Each structure stands twice: as C-alpha cells, then as structure tokens.
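Undergrad: Sharing a sequence plus its predicted fold:
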Amino acid sequence: MSAYSLRCRVCEEVTVAEPLDACRRCDGPTDMLYDWARIERVVTRAAVAAGPASLWRYHDLLPTGAQVDFGAGWTPLVRSDLLSDALGIELHLKLEGENPTQSYKDRVATVAASAALDNGVTTLCCSSTGNLGDAVAAAAAATGLEAIVLAPVGGESAAVAARHPGARVFAVNGTYDDCRRLELELGLLFPWGFVSGNLHPYASEGAKTISFEIAEQLDWELPDAVICPAASGTLFSKLAQGFAEVTRAGLAAEPVPRMFAGQALGSSPIADAFADDRRISRVEASTLFASLAVGDPSHGDLALGAARATGGAIIAVAEDEIVKHTALLSESTGVTPDFSGGAALGALVEAIRRGHISPGSRVVLVVTGARPAVAGGTSRVTTVEPDAHAVLTALGLHS
Ligand SMILES: [Zn+2]
C-alpha cells in the first residue's frame with residue numbers, strides 16, 4: 001500500500017488519498033490510514049531528532065507529500081514552577097501561542113495547504129471563530145493559494161481581514177455553526193479545498209503533532225495527564241490519537257496520558273454528554289468566548305470516547321471562572337493566553353479538586369493560543385447572509 005490512504009470510519013472501505021471527507025459507499029466520515037509496517041520500519045527517535053525544527057520532523061506520520069512550512073510547530077514546552085506549587089502537581093505548559101499566527105491552528109493550516117498542493121487545489125476555504133482563519137490566510141499567503149475565510153460577523157472576522165490583506169474574508173451574519181454549514185454548502189459548488197470539508201481528514205492530522213512534540217520534549221516519557229480546551233472536540237481527539245500513535249510507533253511506552261478538557265459552560269455539549277454518560281446532542285452556543293462557541297461539535301463523539309477510554313474527563317467551566325483562570329495563567333506564568341487557556345486551567349483545577357488528578361502527577365496543559373489586542377483599521381471584510389448564493393454574488397460568480 002502507499003504510505004497513506006483514506007478509510008471510512010463506518011464501513012472501513014479503503015480508498016486512495018484524495019480530497020474526500022465522506023465515504024462514497026456509505027457517506028461515513030473518512031480518516032487517514034497509514035502503512036504502519038512502513039512507519040514501524042522508518043520512524044525512530046534518532047530519525048525524528050534529525051528532522052527540521054517544525055512539525056515536519058514527524059512527516060512519516062503525516063498525510064502529505066508537499067511540506068508547506070511557514071514556521072508552524074516545534075513550540076516550547078515549559079515547566080511552570082509557581083502553578084506547579086500552587087496545584088501540587090508537576091505542570092508543564094505547551095505554548096501554542098508561539099506559532100506564527102499565535103495558535104495551534106497553524107499546524108492544521110500547514111497540513112491543509114500541503115494537501116491542497118498535492119491535489120492541485122488552488123483555493124483554501126475555511127469557517128473560523130478567528131484563529132483558523134488567521135492560520136489559513138497565513139498558509140495560503142506562504143504558498144500562493146487563494147484564501148477564503150468565513151467567520152461570524154464581529155470583531156474576529158474584522159481582525160482576520162485586517163491582519164491578512166491577501167485573504168478574502170466574509171463576515172457571516174450568523175454563528176460559527178452557520179459558517180460551517182455554509183462551508184459545506186460551498187463544497188457542493190466549487191472544487192476548492194475546504195478545511196472542515198474535503199481536506200478535513202488531512203488538515204485535522206496537523207493537531208496530533210502537539211502530542212508528538214510533548215512526548216519528545218519530555219524525552220519520550222509520556223505525562224500522566226494532558227488537558228486542553230474543547231470546542232468542536234477535534235483538538236482533544238487528535239491529541240489522544242497522537243499519544244496512541246507515538247506508542248504504536250514504538251517511540252514511547254504506554255500508558256497513554258489521561259485526557260482532560262475544559263468547555264465553556266454556555267457552550268458545553270461534550271462536557272454535558274460526558275457528565276450524563278450519553279451521546280452528544282447539539283446546543284445553541286451561548287458564550288462570550290468566540291473560540292469556544294461551538295454548539296454542534298464535529299468531533300464530539302470521538303472526544304467523549306477518548307476521555308472515557310483514557311480515564312479522563314471533559315468539564316464545563318463557568319464564564320467567570322474562565323476569566324479568572326485566564327488571568328491566573330497570565331499572572332503566574334508570563335504567558336498571554338486567549339480565554340481558551342483559562343477554560344483549560346479552570347478544568348484542571350476542578351479535576352484536581354474532584355480527585356481525578358492526584359498530587360504529584362506530571363500534567364501538560366496545552367495553551368492553544370495567545371491573543372493580543374485585536375488589530376484595528378479598515379479592512380476588506382464583506383458581510384453576507386449564511387447562504388452560498390450570497391457568497392457567489394459577492395465573488396461576482398453569480399448574476
Ligand atoms: Zn463507508
């Protein structure tokens with residue numbers, strides 16, 4: 001077999017790698033399938049260590065031939081002495097705000113742009129609460145691809161447009177969930193690369209490189225627990241997959257870390273399902289924190305499965321607790337996280353209080369992004385209704 005292919009999560013049909021996120025036989029979601037016999041042969045600690053200081057040091061575990069590099073990955077892992085003492089654990093912070101556009105989404109965009117080049121796709125389109133739009137615009141700028149960003153009307157869409165004059169940014173009169181539906185609708189009309197659509201099986205693989213780096217930066221001794229914020233659940237499930245893959249590749253020994261996540265209480269369909277031990281039901285997202293406002297989580301069931309399988313938990317954190325813990329994270333570490341970092345720290349404090357994480361445990365908290373003051377100025381943002389025809393008209397493709 002080739003180094004990677006696509007496999008249907010439902011009927012397990014395997015097909016050659018192409019931009020495709022739904023099985024042709026049963027319409028189930030597709031995931032990347034790797035040639036593990038090859039990986040076990042070629043992936044060694046020495047080979048990884050000899051690789052570049054970017055996520056491409058793990059290229060044998062990623063699903064592209066092209067290797068777009070605009071500086072994403074190989075972010076610092078730092079121990080926080082003050083928070084370790086305060087919480088009675090050994091706490092390390094994975095600083096994803098050190099990526100080029102200051103969030104882990106640069107990893108996702110890097111792999112998406114690489115898959116676009118592999119497949120002759122010239123336009124990258126994404127729906128975004130802010131961070132992914134920044135990352136996709138940057139990856140497109142670095143590769144000469146066109147970028148089309150769909151973001152809810154408001155500060156984040158204006159900020160993306162201001163920071164990336166080369167990208168076409170649409171401020172959608174609706175929520176993030178509306179943007180995502182619009183992206184799927186446009187996917188039926190255009191042969192573009194859609195980060196949450198036909199390129200999703202590739203793009204989402206970028207996130208698992210955080211786990212590879214955590215393992216390598218701890219000299220291949222996996223931590224006891226890992227905690228991150230959760231919105232769609234994609235990051236959380238990809239982190240869990242990443243730890244499973246480093247053990248399968250023989251780079252690190254089991255057990256894999258127990259996986260924890262924090263969700264904003266006003267938008268917590270995964271935490272609610274975890275607490276009630278049931279499947280996900282979508283909610284109307286109601287939170288002040290744009291990057292956490294996902295009511296219909298695409299990877300919610302996978303995230304639930306990862307939390308349950310590893311003995312972790314997904315915990316809802318109240319809005320005021322998110323604000324408080326974002327400030328605490330900043331005051332005690334010098335890091336300037338976005339509010340997602342506060343959601344993760346709030347959930348960590350609660351997990352310790354409940355006895356899920358015992359004293360002295362080695363824990364890694366993924367600080368998914370840093371967000372300085374929003375850029376001002378005028379921008380080329382275009383406001384549209386969440387409707388594909390409105391986008392076509394604005395692009396001049398529709399009479
Ligand atoms: Zn299928």
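TA: Yes, it's here.

Undergrad: And the pLDDT for the most centrally placed residue in the chain?
TA: Centroid-nearest residue in the chain: Leu235, 4.0 Å away (criterion: C-alpha atoms, centre = their mean). The score at Leu235 is 97. That number is its pLDDT.

Undergrad: now swap in Glu156 and tell me
TA: 79.

Undergrad: part of a helix, is it?
TA: Yes. Glu156 forms part of a helix when assessed by DSSP: H, G, I helix; E, B strand; the rest coil.

Undergrad: for it, what are its contacts?
TA: 128-130, 133, 290, 374 (C-beta atoms under 8 Å, 6 or more residues apart in numbering). Just so you know, the C-beta spots here come from the backbone N, C-alpha and C atoms, and that holds for glycine as well.

Undergrad: Using JSON lines, please lay out those residues together with distance to the ion and neighbour count.
TA: JSON lines is the format used below for the contacts of Glu156 (distance: C-beta to the ion, whole Å; neighbours: other C-beta atoms under 10 Å):
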{"residue": "Ser128", "distance to the ion": "28", "neighbour count": "28"}
{"residue": "Thr129", "distance to the ion": "30", "neighbour count": "23"}
{"residue": "Gly130", "distance to the ion": "33", "neighbour count": "25"}
{"residue": "Gly133", "distance to the ion": "31", "neighbour count": "32"}
{"residue": "Ala290", "distance to the ion": "34", "neighbour count": "25"}
{"residue": "Val374", "distance to the ion": "42", "neighbour count": "12"}
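
Undergrad: circling back: and what about the residue nearest to the centre of the chain, helix, strand or coil?
TA: helix.

Undergrad: Check the contact between it and Ala207; I expect there is one.
TA: Yes. Under the criterion of C-beta atoms under 8 Å, Leu235 makes contact with Ala207 at 5.2 Å.

Undergrad: what is in contact with those two at once?
TA: Tyr104.

Undergrad: Show me what from this structure comes close to the ion.
TA: For the chain, the residues in contact with the ion (C-beta under 5 Å from the ion) are 8, 10-11, 13, 23, 25-26, 28.

Undergrad: which of those residues count as buried?
TA: Buried members of the residues of the chain next to the ion, scored by 16 or more other C-beta atoms under 10 Å, are 8, 23, 28.

Undergrad: Not counting sequence-adjacent ones, nearest residue to the second one?
TA: Yep, that's Cys23 we're talking about. Cys8 (3.7 Å; C-beta to C-beta, 6 or more residues apart in numbering).

Undergrad: Tell me what the one you found is bridged to.
TA: When bridges are called by DSSP bridges, Cys8 pairs up with Thr30.

Undergrad: Leu20 is in contact with that one, correct?
TA: No. Assessed by C-beta under 8 Å, Cys8 is found out of contact with Leu20, at 9.9 Å.
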